[in-house]
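>>> kindly generate the corresponding structure for this input.
(chains A and B)
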2 protein chains.
Amino acid sequence: MSDAHNSSATGGTDTITVSVDAMGGDQGPQAVVDGCELSLAKNPELKILLHGDEAVLAPLLDRKPALGGRLTLRHSPDTVKMDDKPAQVMRHGRQTSMWNALGAQREGAAQATVSCGNTGALMAVSMLQLRKLPGVHRPAIACLWPSRGKTGFNTMLDVGADVRADEESLLQYAMMGAAYYRNAFDVARPRVGLLNVGTEEHKGRAEIKEAALLIAQAAEIGQFEFVGFVEGGDIPSERVDVIVTDGFTGNVALKTGEGTARLISELLRRELTATPWAKIAGLLALGPMRRAKKRTDPSRVNGGVFLGLNGTVVKSHGSADATGVSSAIKLAFTLARSGFQDRMSDRLSAVMDSVAGRQEAAAANAGDTE
Amino acid sequence: MSDAHNSSATGGTDTITVSVDAMGGDQGPQAVVDGCELSLAKNPELKILLHGDEAVLAPLLDRKPALGGRLTLRHSPDTVKMDDKPAQVMRHGRQTSMWNALGAQREGAAQATVSCGNTGALMAVSMLQLRKLPGVHRPAIACLWPSRGKTGFNTMLDVGADVRADEESLLQYAMMGAAYYRNAFDVARPRVGLLNVGTEEHKGRAEIKEAALLIAQAAEIGQFEFVGFVEGGDIPSERVDVIVTDGFTGNVALKTGEGTARLISELLRRELTATPWAKIAGLLALGPMRRAKKRTDPSRVNGGVFLGLNGTVVKSHGSADATGVSSAIKLAFTLARSGFQDRMSDRLSAVMDSVAGRQEAAAANAGDTE
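Alright, predicted model coming up:
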């Protein structure tokens, strides 16, 4: 049974309020307001609390009177900048739209938060305001990746919350990634793979081999299928849904994939404008090429989800346009409505208890044979 | 001054002999023999020693009598298979074409070796036969990456020889990568970047921050420019030539880039055959698209170079066709002719002495102040 079909405390047909940080994105508040409009039009059960500078936002909202009933503006005088250090924001950021967006969620006025702002600051303020789920070592950031699979997307985590991960953190990423994928894409038993430099059992680093054992044992409680090791080339594969890795490797892989797509797109554009004949061909091929590109469009795969906190936080890409912001809000809405956090937390506790139990039993056995 | 213009023991206008392992590639010995033919036609100073099963190779060579004077066949009864374990090959591989190809280089009958076979076995046998350069902790594998820069290629290392690298290994990769790039592409002062999850100084893992200091200090002896941290999206960038990373991250990045290119190519092909109109557009756009694709064609960027051994070894892609094999042989030929190994070894020793000197001085200073 898929979790996505269960009802829950916040589930069913009730309204979901998403808290949106309007400031801090590269495209400015206009893109965020347009994104809110798109998202409200598509999702009748959605309401939005919009946080930011009233002097900037009120004129933008005045032009969209139809939003009135479902979008509420909350004033914040300050904005977190892209180069602000997280520690600085923790100390002096209480007047920022990011801080207040998360504060509204903590107080229960919203069920999820979306921000286009500074990732490091957003994670730091999220941890401070929402706190980690019990037993979670480190929250993770999960990204979406265009794939050959049925849903068109795979997810990979961690992509940058933490630069190291031991075997227990990798196990938690597997549990959280499976819960996220199940509820975002309505897939009952997501397939989980562990990123490595080869698919043979003897390959890779020690903590990865250890994590493979822990993840295999957790598959039943976590309601996922463990497909074993996967390689970089398998990230868009149809044989896996959730790719587990540490935040350093995940961040490099994500940016390498984006960079490769950008390079190919540039080379194609250059060749298809090089000669008059090529331009004609390019013009005719425009439609099919756009459709192909749409599959890998960053604004469609927009939304890094923070997992392992008491609540759902979605980091929209800093350069997201209105479509991108709307995708991120939709993702936050879908996850908040599914109420998956509580179920994920219960399963995480069960798995970590079982790991602790096995470690104690192993220690006791070692004692017996001494 | 570029090393590529210096003459050396093996340099100048003398003939260079490359030892080629004809067996073990996915495309079979025919592709290797065709690749040898292509390469000999283009490089008049090249000779080849071809290793493999005489019963298979002799009939292929009989059809190319023109090669007679410049290609010599040496019989090896056995072949290393793609799934053979390195340890197994080390114990029982003395009759294989891979072993004998490297043996010919060790004996001085050839100045470089090329193989399409099993990477792990090739590294193990290379280390056994050629030995590491003095002071080198671990040899590295350097790959080529299509780039926006003048030469059209960047290089990244390590991409899989070793799954961990401490700061001294990363320093050695920077020195070896710069020497390789200078001599392969005739660039006097290659720009070296260190792969990280951000370009700010405070980001990343401890050993990477430490390596950044060591690499910056080695730039003068190593005759490179250190551009600091680079991210996954910078791998094809024009602001860097040599990307330094550990073998785990490098291998994941390489395969992620290849996988992304494959996905985009598939999506484009699908859209450009979806409707009759799209097919016409696809047909017209075929030429420009092929030219764009050629820039990222794996057979043009073929050749993983093993660095840090007493001699040049090039690992050709397992699925390389004749063009790919020819590129790999050309790369081995260029590097062997440049005689860069001795100069690289001298500079490595100088840098490692300087690191050791600083460590001793630091220890002595610490002693003084106690």
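>>> just the CA trace of whichever strand or helix holds A:Ala142, in CSV.
Element membership of A:Ala142, judged by DSSP states H and E, is strand A:140-146. Output in CSV follows, covering the C-alpha atoms of strand A:140-146 (Å, rounded to 0.1, in the frame of the first residue of the first chain):
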residue,chain,number,x,y,z
ALA,A,140,19.8,15.7,4.1
ILE,A,141,18.9,17.5,0.9
ALA,A,142,17.2,15.4,-1.7
CYS,A,143,17.2,16.6,-5.4
LEU,A,144,15.2,15.5,-8.3
TRP,A,145,16.9,14.1,-11.5
PRO,A,146,15.3,13.6,-14.9
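>>> now that strand: mean pLDDT?
Mean per-residue pLDDT for strand A:140-146: 93.
>>> against chain B, how distant is A:Val240?
Using CB to the nearest CB, to the nearest Å, A:Val240 is found at 12 Å from chain B. Where C-beta positions appear, they are placed from N, C-alpha and C, glycine not excepted.
>>> that residue in helix, strand or coil?
Following DSSP: H, G, I helix; E, B strand; the rest coil, the label given to A:Val240 is coil.
>>> ok, for it, nearest residue in space, not its chain neighbours?
A:Gly193 (4.0 Å; CB to CB, 6 or more residues apart in numbering or on different chains).
>>> and the helix or strand harbouring the one you found, which strands flank it?
When elements are defined using DSSP H and E, A:Gly193 is found to belong to strand A:191-195. Sheet partners assigned to strand A:191-195 using DSSP bridges are listed as strand A:225-230 (parallel), strand A:242-244 (parallel).
>>> and of the ones you listed, who's closest to A:Met123?
Closest of the strands paired with strand A:191-195 to A:Met123 is strand A:242-244, at 18.7 Å (criterion: CB to CB).
>>> rewinding a little: give me the pLDDT for the residue nearest to A:Val240.
So A:Gly193 comes in at 98 (pLDDT).
>>> okay, and the beta partners of it?
Applying DSSP bridges to A:Gly193 gives these bridge partners: A:Gly228, A:Ile243.
>>> return the residues of the stretch 101-250 of chain A in contact with chain B.
Residues of the stretch 101-250 of chain A lying close to chain B (CB under 8 Å from any CB of the partner chain) are A:146, A:148, A:160, A:163-164, A:195, A:197, A:204-205, A:231-237, A:245, A:247-249.
>>> of those, buried ones?
Burial of these was assessed by neighbour count (16 or more other CB atoms under 10 Å in any protein chain shown); the buried members are A:146, A:160, A:163, A:195, A:197, A:204-205, A:231-237, A:245, A:247-249.
>>> please narrow these to those residing in helices.
Using DSSP state H, the subset of those located in helices is A:Gly247, A:Phe248, A:Thr249.
>>> looking at it, the last one is touching B:Gly250, isn't it?
No. Between A:Thr249 and B:Gly250 there is no contact under CB atoms under 8 Å: 10.2 Å.
>>> and A:Gly304, how far is that from chain B?
According to CB to the nearest CB, A:Gly304 and chain B sit 14 Å apart.
>>> show the pLDDT at that residue.
A:Gly304 is assigned a predicted lDDT (pLDDT) of 92.
>>> right, and it touches A:Ile141 too?
Yes. Look at A:Gly304 against A:Ile141 with CB under 8 Å: they come within range, at 4.7 Å.
>>> can you check which residues contact both of those two?
When contacts are counted by CB atoms under 8 Å, 6 or more residues apart in numbering or on different chains, A:Gly304 and A:Ile141 have A:Thr119, A:Val159, A:Lys315 as shared neighbours.
>>> tally up the residues packed near the second one, please.
Burial of A:Val159, expressed as a neighbour count using other CB atoms under 10 Å in any protein chain shown, amounts to 26.
>>> skipping its backbone neighbours, what lies nearest it in space?
Nearest non-adjacent residue to A:Val159, counting by CB to CB, 6+ apart: A:Gly250, 4.0 Å away.
>>> return the residues in contact with the one you found.
Counting by CB under 8 Å, 6+ apart, A:Gly250 touches A:Cys143, A:Met156, A:Leu157, A:Asp158, A:Val159, A:Gly160, A:Leu195, A:Ile243.
>>> now do the contacts for the last one.
It refers to A:Ile243. Per CB under 8 Å, 6+ apart, neighbours of A:Ile243: A:145, A:154-157, A:177, A:193-195, A:230, A:234-235, A:250.
>>> could you do the second one as well?
When contacts are counted by CB under 8 Å, 6+ apart, A:Met156 touches A:Ala142, A:Cys143, A:Trp145, A:Leu195, A:Ile235, A:Val242, A:Ile243, A:Val244, A:Thr245, A:Gly250, A:Ala253, A:Leu254.
>>> pLDDT weak spots in the stretch 201-350 of chain A?
Low-confidence segments of the stretch 201-350 of chain A, defined by pLDDT under 70, span residues A:296-301.
>>> okay, helices next: where are they in it?
Counting by DSSP state H, counting those that start in this stretch, the stretch 201-350 of chain A has these helices, from start to end: A:206-222, A:247-271, A:276-284, A:286-295, A:322-338, A:340-368.
>>> ok, which of those comes nearest B:Asn365?
Of all the helices of the stretch 201-350 of chain A, helix A:247-271 comes closest under CB to CB, at 33.0 Å.
>>> ok, the residue minimising distance to the centre of chain A to A:Asn183 distance?
Nearest to the mean C-alpha position of chain A, by CA atoms, centre = their mean, lies A:Val305 at 2.1 Å. Distance of A:Val305 to A:Asn183, given as CB to CB, to the nearest Å: 10 Å.
>>> care to break chain A down by domain?
A:8-131+A:309-338, A:133-306 (automatic domain parsing).
>>> of all the ones you listed, which lies closest to B:Ala55?
domain A:133-306 (31.5 Å).
>>> gap between the two ends of the closest one?
This stretch, domain A:133-306, spans 12 Å end to end (CA to CA, to the nearest Å).
>>> A:Leu50: what secondary structure?
When classified by three-state DSSP, A:Leu50 comes out as strand.
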